[in-house]
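# need a structure here:
(chains A and B)
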Number of protein chains: 2
Amino acid sequence: MQRITIDLTQIHDNYINLVPEQDRYLTRVLRLQSGGQFQAIDGTGKLYICELIARDPRAVTASAQITEIIISPDRPLAPAIALICALPKGNNFDDIVRACTELGVTTIYPAISDRTLLDPSLQKRSRWRKIAQEAVEQSERLTIPTIADPQALQAIFSQIPSAGMKFLCEARGEHPHLLTCLQARSIDNTPIVIAIGPEGGWTNAEIALASESGFQLVSLGQQILRTITAPIVALSIVAAAIDIHVLVDSE
Amino acid sequence: MQRITIDLTQIHDNYINLVPEQDRYLTRVLRLQSGGQFQAIDGTGKLYICELIARDPRAVTASAQITEIIISPDRPLAPAIALICALPKGNNFDDIVRACTELGVTTIYPAISDRTLLDPSLQKRSRWRKIAQEAVEQSERLTIPTIADPQALQAIFSQIPSAGMKFLCEARGEHPHLLTCLQARSIDNTPIVIAIGPEGGWTNAEIALASESGFQLVSLGQQILRTITAPIVALSIVAAAIDIHVLVDSE
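You can find the predicted model right below:
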């Protein structure tokens, strides 16, 4: 069944007021008739099974009736995963948002680090949110990750939960592997926070700040990774560690 | 020190005949003078420390003297990693080649699966090889992965070593996690082969063929991943499992 993303404000009682774009998509692209079923998500973990309602000729757009609401978190026993990622050059953050959403990130903090020059436009921020929404639809998730506004590292550190497992990935130096650290600890509902630096790495001041904020320095392995690949690798490792743990726990 | 990639045929005794593009890069872009040092790799695991030689005014291009040869595999104790990947739509294979090269893949087999429509042009194949070469330079590796010509799955299966650990990633069904399977076995020099299907997954005939060829069916986790993300996730897990294993072994 096809899925669309709606805003919570579109819901009134048991009905969804479709916006023109959704109306066009459902009736023209998918050619749904009155009574035709589709799914909607509001990005907070709810899935609505809906039926299109015959359009009143006087109405501007169509509406739909909600026939069922399914509340099901994407990973029932999994912790929240936050990614703090220094903004790379160009449009590379688009690919990071897309792939990390597929991998189940719950919050993304674009970080302005000492080695970041860029101050992204408002246009880019809304673009990232749209990419995350599309990736949620494509990967059949129910929860759209929150994408914070770009901020300095210190401001981000003050917002993240103090109880989480926090890892700062650092290519230089001898640090334990992220996977080793995750598997050495019990993964419960404690949030996991991963911080990935810019091209050229974190500065010593940033590393010191992270240590003070409870971050453990970890390695992503022997490879030298581009700034666009590193977050995807880190999230792949986190997702695998969680999946294995959750599977073992639920057996 | 800056690094260029050379072809083995450019080496004569202790000298490298530079091609015009390399000459321009070293003398115009990097502004190296006679005696200036640079590094060259031939893609087979050797690193050459070189000195530029003053150009004979009558010569068309410059040459360089090799002052030192360093033979050092990228991961001393690591097995070869082969990726069999069904060709995705558009230019998406470019990103797969780039990221998987960073993650240490040694051979890439573009696969024409039952659900692949595309027969890529010769131009694309040489483009993938160029991308792999650039990724090797950027990630400071010494070995350029071999990229096979696109072939049907059966032809690929007949070429891969029979002794390897072989995993076919499959989203449908209940299969053990790739990471669980890797960690349950001892990673020595046995090659690791990973097969990733097309959009829509492998057909039942392909899964049966893979099973006959000694492939174990594995899962990459609960996520629904795009065909471009799945190989990067799989290689991230393989690289992490190898890194942890090699680090433990060498302690």
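# residues of the lengthiest helix in chain A that come out buried?
Ordering each helix of chain A by length in residues (DSSP state H) puts helix A:229-250 first. Buried residues in helix A:229-250, counted by 16 or more other CB atoms under 10 Å in any protein chain shown: A:229-247. The C-beta positions use only the backbone N, C-alpha and C, and glycine is treated the same way.
# and chain B, which of those contact it?
A:229, A:232-233, A:236-237, A:239-241, A:243-244, A:247 (CB under 8 Å from any CB of the partner chain).
# whichever strand or helix holds A:C181: what's the following helix or strand?
Assigned by DSSP states H and E, A:C181 falls within helix A:178-184. The element immediately downstream of helix A:178-184 (helix or strand, assigned by DSSP H and E) is strand A:192-196.
# in its sheet, what does that following strand sit against?
strand A:81-86 (parallel), strand A:165-169 (parallel) (DSSP bridges).
# restricting to C-alpha, output the longest one in CSV.
Coordinates of each C-alpha in strand A:81-86 appear next as CSV, following Å, rounded to 0.1, in the frame of the first residue of the first chain:
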residue,chain,number,x,y,z
ILE,A,81,20.4,7.3,18.1
ALA,A,82,21.7,10.8,17.7
LEU,A,83,24.3,11.8,15.1
ILE,A,84,26.4,14.9,15.6
CYS,A,85,28.0,15.5,12.2
ALA,A,86,30.3,18.4,11.2
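# what mean pLDDT does it have?
What strand A:81-86 shows for mean pLDDT is 96.
# state the next helix or strand along the chain beyond the helix or strand harbouring A:P110.
Here A:P110 sits within strand A:107-112, counting by DSSP H and E. Downstream of strand A:107-112, the first helix or strand assigned by DSSP H and E is helix A:122-138.
# run through who's touching that next one.
Here helix A:122-138 makes contact (CB atoms under 8 Å, 6 or more residues apart in numbering or on different chains) with A:3-5, A:41, A:43, A:93-94, A:97-99, A:101-102, A:108, A:110, A:141-145, A:147, A:149-150, B:224, B:226.
# identify the farthest-apart pair in the ones next to chain B among the buried residues of helix A:229-250.
Greatest spacing in those, by CB to CB: A:T229 and A:L247 (26.5 Å).
# give me the mean pLDDT for stretch A:111-118.
Per-residue pLDDT over stretch A:111-118 has a mean of 83.
# ok, A:L87 touching A:P150?
Yes - between A:L87 and A:P150 a contact is recorded at 6.2 Å, counting by CB atoms under 8 Å.
# contacts only, for A:A210.
Per CB under 8 Å, 6+ apart, neighbours of A:A210: A:153, A:157, A:166, A:168, A:195, A:202, A:217.
# do the same with A:Q39
By CB under 8 Å, 6+ apart, the contact set of A:Q39 is A:1-4, A:47-50.
# give me that answer again for 6 Å
If you count contacts by CB atoms under 6 Å, 6 or more residues apart in numbering or on different chains, A:Q39 has them with A:1, A:3, A:47.
# export the residues you listed to a markdown table and tack on neighbour count?
Output for these, formatted as a markdown table (neighbours: other CB atoms under 10 Å in any protein chain shown):
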| residue | neighbour count |
| --- | --- |
| A:M1 | 8 |
| A:R3 | 15 |
| A:L47 | 17 |
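# now the residues you listed in CSV, with secondary structure and pLDDT?
Formatted as CSV, the contacts of A:Q39 follow (DSSP: H, G, I helix; E, B strand; the rest coil; pLDDT from 0 to 100):
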residue, secondary structure, pLDDT
A:M1, coil, 74
A:R3, strand, 84
A:L47, strand, 87
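# out of those residues, which comes closest to chain B?
A:R3 (11.9 Å; CB to the nearest CB).
# mind listing the residues bridging to that closest one?
Using DSSP bridges, the bridge partners assigned to A:R3 are A:Q39.
# the spatially most central residue of chain A and chain B, how far apart?
Centroid check for chain A by CA atoms, centre = their mean gives A:P145 as the closest residue, at 3.3 Å. A:P145 sits 13 Å away from chain B, going by CB to the nearest CB, to the nearest Å.
# could you do A:R172 as well?
13 Å.
# same check, this time on A:S139
Taking CB to the nearest CB, one finds A:S139 at 4 Å from chain B.
# which residues touch the longest helix of chain A?
A:77-78, A:81, A:83, A:85, A:96, A:99-100, A:103-104, A:169, A:178-179, A:182, A:187, A:192, A:194, A:196, A:220, B:99, B:102, B:177, B:179-180, B:221-222, B:232-233, B:236-237, B:240.
# one more time with 7 Å
A:75, A:77-78, A:81, A:83, A:85, A:96, A:99-100, A:103-105, A:169, A:178-179, A:182-183, A:187, A:192, A:194, A:196, A:220, A:225, B:99, B:102, B:177, B:179-180, B:221-223, B:232-233, B:236-237, B:240 (CB atoms under 7 Å, 6 or more residues apart in numbering or on different chains).
# what subset of those is buried?
By 16+ other CB under 10 Å, these give A:75, A:78, A:81, A:83, A:85, A:96, A:99-100, A:103-105, A:169, A:178-179, A:182-183, A:187, A:192, A:194, A:196, A:220, A:225, B:99, B:102, B:177, B:179-180, B:221-223, B:232-233, B:236-237, B:240 as buried.
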